[in-house]
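Student: Sequence first, then the predicted structure:
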Amino acid sequence: MKRKVCKSCKIFYEEEHCPVCKTDQQANSWKGRIHILNAKESDIAKKIRITKDGEYAIKIG
């Protein structure tokens with residue numbers, strides 16, 4: 001199954017709906033990826049308002 005990127009929270013996912021915000025709006029183009037391993041302790045995650053561990057797109061086109 002092809003991986004998708006959520007337009008709202010920018011997380012990569014393979015399910016039918018986004019596991020974070022439960023929307024089905026997906027982006028087809030994106031630039032850059034960031035892996036958040038510990039969102040609660042990460043200064044970068046706090047700065048970009050990520051609360052769940054995972055792989056995120058940096059910019060959605």
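Tutor: That came in fine, so what should we check first?

Student: Give the bridge partners for the residue nearest the centre of the chain, please.
Tutor: Residue closest to the average C-alpha location in the chain (CA atoms, centre = their mean): I11, at 1.4 Å. Under DSSP bridges, the beta-bridge partners of I11 are Y56.

Student: Just to check, it is in contact with Y56?
Tutor: Yes: using CB atoms under 8 Å, I11 is in contact with Y56, at 5.4 Å. No exception for glycine: its C-beta is placed from N, CA and C like everyone else's.

Student: Go ahead and confirm H35 touches I58.
Tutor: No: applying CB under 8 Å as the test, H35 and I58 come out as separate, 11.2 Å apart.

Student: what secondary structure does K46 sit in?
Tutor: What DSSP: H, G, I helix; E, B strand; the rest coil gives for K46 is helix.

Student: er, K22 I mean
Tutor: Strictly by three-state DSSP, K22 counts as coil.

Student: Report pLDDT for it.
Tutor: Per-residue confidence at K22 stands at 92 (pLDDT).
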